[in-house]
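In: Predicted model and sequence below, questions to follow.
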Protein chains: 6
Amino acid sequence: MPVITIEAGKMDKEKKLQLVQGMVSVASEVLNIPEQAFTTIIRENDAENVGVGKELLADRHAK
Amino acid sequence: MPVITIEAGKMDKEKKLQLVQGMVSVASEVLNIPEQAFTTIIRENDAENVGVGKELLADRHAK
Amino acid sequence: MPVITIEAGKMDKEKKLQLVQGMVSVASEVLNIPEQAFTTIIRENDAENVGVGKELLADRHAK
Amino acid sequence: MPVITIEAGKMDKEKKLQLVQGMVSVASEVLNIPEQAFTTIIRENDAENVGVGKELLADRHAK
Amino acid sequence: MPVITIEAGKMDKEKKLQLVQGMVSVASEVLNIPEQAFTTIIRENDAENVGVGKELLADRHAK
Amino acid sequence: MPVITIEAGKMDKEKKLQLVQGMVSVASEVLNIPEQAFTTIIRENDAENVGVGKELLADRHAK
């Protein structure tokens, strides 16, 4: 505890590391909880599996 | 906000669009919130990764 | 299976029933899975616990 | 999209705002996605509802 | 990591401890991962916030 | 209902079955709810998609 989850799209490993380091630093400082206590889960969703309003993100990207 | 997540099995793109359009229409009307405010995440789970009771869905399908 | 989760705000019982009935009807028809197989979880989030962009929804509502 | 969820304990409104602003800033910059596109959900869990190893967090805090 | 989440109804503290101890023991042994690495989150849902098929669990309980 | 989710790494089918059977047995007994009522979702996360503290699990494994 705490557990951070981010639902996003495809990303490379470098961005995953930056996300984990950046979000854990912020949350650790705000909540005054040691960084080692944090678990972060990054979910890479296909754009076809994400709806924004009544549109698939994949279709929005294709425009 | 709001965010709808559906945990289901494999499906084609046409069904994903129908799910997003159908569920967002219903939820938007019931909650009186504009459709554009909705995010929907479709999770396609392998049948091997889903348990129903004490059985794997994959084994149930194989019967 | 399947499991539908909706993250939203406070709502009365009547709306919860309409949400469950409406979303399960749609998803059952699209996925061709019996309605009884569906589990739906409705999460009523305080507006203070939801961020939209870099704002708390509670602050947005207070404007 | 994207959607950030943080499972943590009780916190005051000021910390919620700092969490949303801080995490969204980081994620927006790393993923190169506009801040307005982000939804953040903060889950305040009772310490009794969180297990760390085979212990309840509430019991750990009580030591 | 790993993180176990259980969506259930109201329960007393004793049951929460039994759930955490029991599920973590099983998962630790099956996955060969130390028990201390596990985080468990117990979600107590109001029966009104849970749909089973097209019915609210609260209504099913009231029968 | 109830719904158990476990966020873990890659595992073979045999372990998935053991996890489902073991965790559902425990939870069914503790909560006094029939095993058939349980849905379990196993999430196999790439080690690159999991942060432990400010490190990617993949990097920790590579040490």
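Out: Received, thanks.

In: which bits of chain A sit near chain B?
Out: Chain A has residues A:7, A:45, A:48-56, A:58-59 near chain B, with proximity defined as CB under 8 Å from any CB of the partner chain. Every residue, glycine included, has its C-beta placed from N, CA and C.

In: could you pull out the strands for chain A?
Out: Secondary structure of chain A (DSSP state E): strands at A:3-8, A:39-44, A:50-52, A:55-56.

In: How about the shortest one and chain D, any contact?
Out: No: using CB under 8 Å from any CB, we find that strand A:55-56 stays clear of chain D, coming within 11.1 Å at best.

In: Can you list the low-confidence ranges for chain A?
Out: Counting by pLDDT under 70, not a single residue of chain A qualifies.

In: how about the residues of it that lie near chain D?
Out: Counting by CB under 8 Å from any CB, chain A comes close to chain D at A:1-9, A:11, A:15, A:18-19, A:22-23, A:25-27, A:29-31, A:33, A:45, A:50, A:52, A:57.

In: Just the buried ones out of those, please.
Out: Using 16 or more other CB atoms under 10 Å in any protein chain shown as the burial test, those include A:1-9, A:11, A:15, A:18-19, A:22-23, A:25-27, A:30-31, A:33, A:45, A:50, A:52, A:57 as buried.

In: still on that earlier bit, among the strands of chain A, which is nearest residue F:40?
Out: Checking the strands of chain A against residue F:40 by CB to CB gives strand A:39-44 as the closest, at 17.6 Å.

In: wait, what's in contact with the closest residue to residue A:50 other than its chain neighbours?
Out: Leaving out its chain neighbours, the residue that sits closest to residue A:50 by CB to CB, 6 or more residues apart in numbering or on different chains is residue A:57, at 4.1 Å. Residue A:57 makes contact with A:9, A:47-48, A:50-51, D:1, according to CB atoms under 8 Å, 6 or more residues apart in numbering or on different chains.

In: And residue A:57, how far from residue B:16?
Out: Distance, residue A:57 to residue B:16, using CB to CB, to the nearest Å: 10 Å.

In: do the same with residue A:2
Out: Relative to residue B:16, residue A:2 is positioned 31 Å away (criterion: CB to CB).

In: Now the two most distant members of the contacts of residue A:57.
Out: The largest separation in these, counting by CB to CB, is between A:9 and A:51 at 13.4 Å.

In: Test my guess that residue A:17 contacts residue F:60.
Out: No: using CB atoms under 8 Å, residue A:17 is not in contact with residue F:60, being 11.8 Å away.

In: what about these two, which has more around it?
Out: More neighbours surround residue A:17 than the other of residue A:17 and residue F:60, with 18 against 14 (other CB atoms under 10 Å in any protein chain shown).

In: Now distance to residue F:39 too, for the strands of chain A, in TSV please.
Out: TSV is the format used below for the strands of chain A (distance: least, CB to CB, whole Å):
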stretch	distance to residue F:39
strand A:3-8	19
strand A:39-44	19
strand A:50-52	23
strand A:55-56	26
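
In: and residue C:41, which of the ones you listed is closest to it?
Out: Closest approach to residue C:41 among the strands of chain A is made by strand A:3-8 (15.9 Å; CB to CB).

In: List the contacts of the closest one.
Out: By CB under 8 Å, 6+ apart, the list of residues contacting strand A:3-8 reads A:19, A:23-24, A:27, A:38-45, A:50, B:41, D:1-7, D:23, D:27, D:31, D:33, E:3, E:39, E:41, F:51.

In: Note down every partner strand of it and its orientation.
Out: strand A:39-44 (parallel), strand D:3-8 (antiparallel) (DSSP bridges).

In: For residue A:55, list the residues it contacts.
Out: residue B:20.

In: does the closest residue to chain B within chain A have beta-bridge partners, and which?
Out: Nearest to chain B, among the residues of chain A, is residue A:51, at 3.3 Å (CB to the nearest CB). Applying DSSP bridges to residue A:51 gives these bridge partners: residue A:56, residue B:40.

In: No more questions from me, cheers.
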